[in-house]
Structure formats: structure tokens, C-alpha cells
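Student: Any chance you can model this:
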Amino acid sequence: MTMDTPSLAWPVRLLRGGLGLAGRLPLPFLHAAGALLGAVLWLLHARPRQVAERNLLLVSTQDEGKTRHALARAALIETGKALAETAKIWGNPPGRALALVQETMGAELLDEALASGRGVIIAAPHLGCWELLNYWLAARTPLAILYRAPRTSTLEPLLRQVRGALPVEQVRAEGSGVRALYRRLAAGGAIGILPDQKPRQGEGVPAPLFGVPASTMVLLPRLAQRTGARVLFAFAERLPRGRGYRIHVLPAPEGLCDADPVIACTALNRGVEACVQRAFTQYQWTYKRWPKDAHPPDAGP
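Tutor: Have a look, this model is predicted:
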């Protein structure tokens, strides 16, 4: 065990073992079990359902209540699948997980960006199976990913183990980690960032996301501005009936490198929206992305 992947506490070792056992199950079975979990959370009116319904009320004002209700239920079922499929991704060697990728769209954009030597920033929203996307990217190029340490500190070594099975440099979202990202981009390397992570107080600016102002990270646009790196958006779409995944790579919207942080962050959120519209219910609608006092577009206070 290297210093970069410290030993696991015994409860986490049990969790790691459980992931390995569950990872032997077929993906269709895991997705069916996840869908059942999502349905139960829906029937129990659990907190994830409440958050999803509120978020969709904010951003889907053009839809009738019945449609929003159906979207929220489908989103909760996809959330259950996302939890269950973690065993398939983390509980197997990367090669087995990557064998689940059935199709790629836009991979040539990544190849061109890597060949440019300018550095590449992959903006990967909380959409589909982002852990599989990490594997797919790392299999194509050495990668650094920015992450926020989990609230339960004993889980961090587990995350570092499972995400480090391929050449992935994992850097914390703090000063030294950000400097490491600058160095990698300056050397023409690739990094991955979750662009829709809610920034800490004072580290973001309000920018519209689906028409509703949301605190948005300034880090990604600043990295692109100061290094000249190319920005691409990417996600791994979950295919129906456990058939595997489809990788999408999309170009960044214009304006993302603008010196005005509001313009840049607005473009960043447009990139997130473009991804989400391709697999709407697979977005993490259970995440509290907007402030409590947020209002739908054109709604009064």
C-alpha cells in the first residue's frame, strides 16, 4: 500500500468487500435493484424526492404538474440506479468496467484537444455514471481530477483507491490542489472537474442554470483563461435495461473564457444544460443546487 492510498479502516474494508461481491452481479440486475430502491424512496416521500420535486418545480415551469411529477419519479429511479451501479464500477478491475461502454459520441473532440498540446479541461456534470467517465478518460490519457473530501473522513482512502486504479492524480479542492491543476494544464495535460459542484461561500458567482440563478464556480473558467486550455464537456449516459453506457463529449459554449466572471459562468452553465438535455432524468436532481429562496424564471419574489 502506497502513501497515496492509505490502509482502510475495518468498516470501510467491509464496504470494499461488499462492493466487490455486488460487482459480480450483472448490470441489468443491479440497475433493476437500483430502480426498486428509487421507487421505494419515492413512495416513502423521502428527502431525495422532496429535493427533486422542488428542483424540477424551479426549472420545469413550462411543464404541467403531472409531467413534473413523472420526471421527478423517473429521476429518483435513475438515482437508485446510480447508487447500485457503483458496485459494478468500483467492485471490478477498470477493464471490466470499461467493457460496459457500448458507444462513444464526440470522442474525436477529445483526441483533437489532446493533440493540440494546450491542455484539456473536462467538465463532467453530475449526470449519468461519472465514475465510469473517469475510467474512460484515464484510459485515454493521464488525468488529474479535482475532488472535495467526503464529510466522513474514513471514506476518503476508499475513494482514492477505487479512483486510482488507472493513472489518475487526485487533488483536493484546496490551494495546493488548484496549483497542481495549473501545473498539469501548463504542461499540456488533462484535468477533470465537476462544473456543477456548489462552490463554497465566496468562491462562486450567481449565474443562470435552467433560467434560475445558482452560485457557480469561477475556478474552471479561470483555469481556462489563464492557461489557454481547451474545455470540453462529457458524461456517460446510462442505457436502458442495463445494456451499458454511451459516452458523450461536447464542445464548450462560447463565452466560457470571458474575462467577465458572470458571462463565463453563464456559459459554463449552458454547457451543463446541453449535457443534461441529452439525458434529463439522469441528472442528479436530488442535489440541492439552488438556494432556498430561489424562484422559477419570471416568477416574482
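
Student: Next, the closest residue to K81 other than its chain neighbours: phi, psi?
Tutor: Computed as C-beta to C-beta, 6 or more residues apart in numbering, the closest residue to K81 that is not its neighbour in sequence is G34, at 3.8 Å. Glycine gets a C-beta too; all of them are placed from N, C-alpha and C. According to degrees, to the nearest 10, the main-chain angles of G34 amount to phi -70, psi -40.

Student: what sits against G34?
Tutor: Listed by C-beta atoms under 8 Å, 6 or more residues apart in numbering, the contact set of G34 reads I77, G80, K81, A82, L83, A84, E85.

Student: Please report how far it lies from P240.
Tutor: In this structure, G34 lies at 13 Å from P240, with C-beta to C-beta, to the nearest Å as the measure.

Student: So which residues of the stretch 1-150 of the chain form helices?
Tutor: For the stretch 1-150 of the chain, applying DSSP state H, counting those that start in this stretch gives helices covering 10-22, 27-43, 47-59, 65-90, 94-98, 107-116, 130-140.

Student: could these go into CSV alongside distance to A207?
Tutor: Written out in CSV, the entries for the helices of the stretch 1-150 of the chain read as follows (distance: least, C-beta to C-beta, whole Å):
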stretch, distance to A207
helix 10-22, 36
helix 27-43, 30
helix 47-59, 14
helix 65-90, 23
helix 94-98, 34
helix 107-116, 24
helix 130-140, 21
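
Student: who does the helix or strand bottoming out on mean pLDDT in the chain touch, helix- and strand-wise?
Tutor: Considering only helices and strands, the least confidently modelled element of the chain by mean pLDDT, DSSP states H and E is helix 156-163, at a mean of 71. The criterion is 3 or more C-beta pairs under 8 Å, 6 or more residues apart in numbering; DSSP states H and E, and the helices and strands that helix 156-163 contacts are helix 10-22, helix 130-140, strand 143-147, strand 168-172.

Student: Can you list the low-confidence ranges for the protein?
Tutor: Along the chain, segments meeting pLDDT under 70 span 1-7, 10, 12, 61-63, 149-150, 152-153, 155-156, 164, 298-301.

Student: swap the cut-off to 50 and go again
Tutor: In the predicted model of the chain, residues 1-5 satisfy pLDDT under 50.
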